[in-house]
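Asker: Structure for the following, please:
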Amino acid sequence: MTRPLYAYAFLDDFVLLYPVYALLFSDAGLSVWQISSLFALWSLTGVLLEVPSGALADAVSRRLLLWTGPLLTAAGFALWVLAPSYAAFALGFVLWGAGGALGSGALEALVHEELDRLGAAESYARVMGRARAAGLVAVMAAMGLAGPVFAAGGHPAVGAASVLACLLCAAAATRFPEHRAAVSGGAGWAGTLRAGLADVRADRSVRGVLLLVAAVGSVWGALDEYTPLLVRETGVPAAVAPYVLLLIWAGATVGSLLAGPGERLGRAGFAGLLAGSGLALAVGASAGTPAGLGLVAVAFGGFQLAGVLADARLQRRIDDTGRATLTSVAGLGTETATIAVFGGYSAVASASAHGTAFAVFALPYLVTALVVAFGGVARRRPR
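Answerer: Numbers count the residues shown, from 1 in each chain. All right, here's what the predicted structure looks like:
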């Protein structure tokens, strides 16, 4: 179970196009407005397909969706390098967004159910923490390899490597075990969607954890896009900046690997994790020095750990029949909140320094910590 999972998680993020696709768009003659519209289209695709794809994963084979998704992404990347144009880039982002949506919810549901079948459901957080760490290592490896590969073969070489990674990711997904019966009592896609949303309305504890997942993942997930600007603002030379960014990614990776021990955190411990990480972010970012970026790395590690633990709490609260649907609802909440953070960050950073903006967006974590401490959304519900 774990070997194909870790291989899948690594290959899914081992995309050498990540660091250079903005250059590909620019080299094809796209304006800044056109590039921004592509990113918006990508986000919109994910938002629109997130919940429907989760319901689909509760109605059909989850393994099928997990190997289909990377194939769609591979097709999108191939379009980018074979026919670079605005239309091809737009279609590629739609395919990439659709491929990601197919895996969102389906992966968590399949992993939890297979572990539960083996009597190891309590190891879900540790296993998924390692899987997310594998994905972060893949991102760092792709960042390191993109330069040499691009220097050797330009955009076609980077694109070909990314397509190959997607194909290998699809192959890894075919190795997932899946022992679930064909599902939902014949209710089909629409039935699983209605049942999943009904669970959200009926169970207050599920609603609370869905909100917790979105609150934890959205803010730092959006801030991550601005870390290069924060690093530059501290005076780090351009040649050194990539290594500092790798340090921040390494902090998030360590957070993933601590998910196993983190499972022992109770409500107060989880609230303390959020509060401590928020304070580290505020102090580190507002310091305005390279040394302060070390605290930002610590904060990102804490947020990553909290995200894995929040997902584990969600999986414990939902039933197998609607597991992928509700996991996708959490993903939709995270995506929507992330878009809101992008807008808020732009407003704050336009009137102040990036360090100040990062510190301002540490406040939601302090508020969430108070809600967890006194509202109990992180408490387990007996199975």
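Asker: Could you use CA atoms for every contact and neighbour count after this?
Answerer: Fine.
Asker: Identify the single longest helix in this protein, thanks.
Answerer: Across the chain, the longest stretch assigned as helix under DSSP state H is helix 124-173.
Asker: helices or strands up against that helix?
Answerer: Counting contacts by 3 or more Cα pairs under 8 Å, 6 or more residues apart in numbering; DSSP states H and E, helix 124-173 is packed against helix 2-13, helix 62-82, helix 106-117, helix 241-257, helix 259-262, helix 292-317.
Asker: Low-confidence regions, this structure specifically.
Answerer: For the chain, the stretches flagged by pLDDT under 70 are 32, 180-203, 238-239, 319-321, 376-383.
Asker: and it, what are its domains?
Answerer: Segmentation of the chain into domains, based on automatic domain parsing, reads 2-182, 202-375.
Asker: Columns mean neighbour count on top of the ones you listed, output as TSV?
Answerer: Converted to TSV, the domains of the chain look like this (neighbours: other Cα atoms under 10 Å):
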stretch	mean neighbour count
domain 2-182	20
domain 202-375	21
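Asker: Contacts only, for residue 359.
Answerer: Residue 359 is in contact with 281, 282, 283, 285, 286, counting by Cα atoms under 8 Å, 6 or more residues apart in numbering.
Asker: at 7 Å instead, please
Answerer: Contacts for residue 359 (Cα atoms under 7 Å, 6 or more residues apart in numbering) come out as 281, 282, 285, 286.
Asker: Any figure for the gap between residue 52 and residue 327?
Answerer: Here residue 52 is placed at a distance of 11 Å from residue 327 (Cα to Cα, to the nearest Å).
Asker: next one: residue 125
Answerer: Distance of residue 125 to residue 327, computed by Cα to Cα: 14 Å.
Asker: Look at the closest residue to residue 114 other than its chain neighbours and give its secondary structure.
Answerer: Excluding the flanking residues, the one nearest residue 114 by Cα to Cα, 6 or more residues apart in numbering is residue 178, at 6.9 Å. Of the three states, residue 178 takes coil according to DSSP: H, G, I helix; E, B strand; the rest coil.
Asker: gap between residue 178 and residue 55?
Answerer: Residue 178 sits at a distance of 17 Å from residue 55 (criterion: Cα to Cα).
Asker: and the strand or helix carrying residue 223, what other elements does it pack with?
Answerer: With secondary structure defined by DSSP states H and E, residue 223 is part of helix 204-223. Applying 3 or more Cα pairs under 7 Å, 6 or more residues apart in numbering; DSSP states H and E, one finds that helix 204-223 contacts helix 292-317, helix 323-351.
Asker: Out of the ones you listed, flag the one nearest residue 138.
Answerer: Across the helices and strands packed on helix 204-223, residue 138 has its closest neighbour in helix 292-317 (15.8 Å, Cα to Cα).
Asker: Packing partners of that closest one?
Answerer: With contacts taken as 3+ Cα pairs under 7 Å, 6+ apart, helix 292-317 sits against helix 124-173, helix 204-223, helix 241-257, helix 259-262, helix 267-287.
Asker: and those as TSV, adding distance to residue 313?
Answerer: TSV is the format used below for the helices and strands packed on helix 292-317 (distance: least, Cα to Cα, whole Å):
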stretch	distance to residue 313
helix 124-173	9
helix 204-223	7
helix 241-257	15
helix 259-262	12
helix 267-287	11
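Asker: Great, nothing more from me.
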